[in-house]
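Enquirer: Okay, sequence plus prediction incoming.
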Amino acid sequence: MLLDLLFERKTKLRGLRKLLILSVCASAGVMLGFKLKPKQIKPMNMVYVDLPATKEGQLHLLTYNIAGLPELISSAVTERASSITSIGELINRFDIVNVQEDFNYNKFLYSRNTHSYRTENMGGVPFGDGLSTLSKYPIQDFERVSWEACNGSDCLTPKGFSYARIQLAKEVFIDVYNVHATAQDDPSAAIARQKNLKQLKNYIQKHSVGHALLIMGDFNAHYAYTLDNIVSFQGELGLEDAWVNLKNQGKIPLHEQNFVARAALDLTDDCEGIDKIYYRNNDHIVFEAKNYQVQKKLFQNKEGKDLSDHCAVSLQLGWYLTTPSVQ
């Protein structure tokens, strides 16, 4: 989400107020975007790497909306440059990381980060989509796709999703998607978000047929919200939800007529959030989800304040080959 990050449900009145704030701060934000846009970024090595012929392994995954909007319009409570520097260092322990809202502070995110493969940042608001993937495994291919539908302040940047082809071992590849869907729970936003997920589903059905895949990101959607189509999105793609399987006894939450979303920072292991991790097996690769966790304390500063206005979500995901991969 772009401006409405403290709470997931917003009234139209407050949305208009935020738009007014953005109009006042737009020129300052753009200038800040130019100022903080990194001059040098380690390029991705998108070539085949002769990795060992491993038949199984463990992946430590993380998805995190890092609240990288310019300081003046960010709803995070901590100073952005130092907080995002800390985030970049703390995520080093994870194998594959998808971040959202990596807008104006990417050079800080990457300054103490040690992942060997990192996608190049598009720049600050309003030029970037805020999506970055960091990986200890080679990224073989990468593409960004902007949403065809948007709503309100979310139309001010090219939000969308990204696709990365990641190599885990010799002849073993998975497709990894990073997602940031339209925010808010009002009908107009929900309609745009429905179209977002349909666009993503169509892309996956075209580009990832028969592939093992991971989808991690800020979906801004709930199973319980009647206007969201996240249930059909999951079902039609044959996806497994890590939280549903490990923390909700395999049960997808039912629609609630008077659904009210929790504040993003109130997320716990036991409640559904908008930051989701999905996975899907194929004929060659089988995933085994373990240890889903909302990483609350890890991403707090010394005073106990959150480094972003979202909680990071992690998953340990085992994998093994059933037959030799021919991808």
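Expert: That came through, no problem.
Enquirer: you'd agree Lys206 is in a helix?
Expert: Yes - with DSSP: H, G, I helix; E, B strand; the rest coil as the criterion, Lys206 is part of a helix.
Enquirer: Contacts only, for it.
Expert: Contacts for Lys206 (CB atoms under 8 Å, 6 or more residues apart in numbering) come out as none. C-beta here means a position set from N, CA and C on the backbone, and glycine is covered the same way.
Enquirer: please renumber so the chain begins at 11
Expert: Sure, I'll start counting at 11 from here, so that last one is Lys216.
Enquirer: Against Tyr173, how distant is it?
Expert: 11 Å (CB to CB, to the nearest Å).
Enquirer: ranges for the helices of the protein?
Expert: Along the chain, counting by DSSP state H, helices occupy 22-46, 90-100, 116-121, 197-217, 240-247, 252-257.
Enquirer: Strands of the stretch 211-337 of the chain, start to end?
Expert: 223-228, 250-251, 285-290, 295-305, 322-331 (DSSP state E, counting those that start in this stretch).
Enquirer: what mean pLDDT does the second one have?
Expert: Mean pLDDT, computed over strand 250-251, is 98.
Enquirer: what residues does stretch 143-155 touch?
Expert: 54-59, 61, 101, 105-109, 123, 125-129, 132, 139, 141, 168, 170-178, 183, 186, 188, 209, 213.
Enquirer: Which strand residues bridge the residue nearest the centre of the chain?
Expert: With distances taken as CA atoms, centre = their mean, the residue of the chain nearest its centroid is Gly227 (2.4 Å). Beta-bridge partners recorded for Gly227 (DSSP bridges): Val189, Lys286.
Enquirer: Does it touch Lys286 like I think?
Expert: Yes - using CB atoms under 8 Å, Gly227 is in contact with Lys286, at 7.1 Å.
Enquirer: what touches both of these two?
Expert: Joint contacts of Gly227 and Lys286 (CB under 8 Å, 6+ apart) are Thr73.
Enquirer: Now the weakest link among the helices of the chain, please, by mean pLDDT.
Expert: helix 22-46 (a mean of 41).
Enquirer: Let me see the contact set for the closest residue to Ile262 other than its chain neighbours.
Expert: Among residues not flanking Ile262 along the chain, Tyr233 sits closest, at 5.3 Å (CB to CB, 6 or more residues apart in numbering). Tyr233 sits next to Ile240, Val241, Ile262, Pro263, Leu264, His265, Glu282 when contact means CB under 8 Å, 6+ apart.
Enquirer: Can you lay out those residues as CSV showing neighbour count and distance to Tyr74?
Expert: Converted to CSV, those look like this (neighbours: other CB atoms under 10 Å; distance: CB to CB, whole Å):
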residue, neighbour count, distance to Tyr74
Ile240, 25, 20
Val241, 14, 24
Ile262, 14, 24
Pro263, 17, 23
Leu264, 9, 28
His265, 13, 28
Glu282, 21, 17
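Enquirer: If anything else comes up later, I'll come back, but that's it for now.
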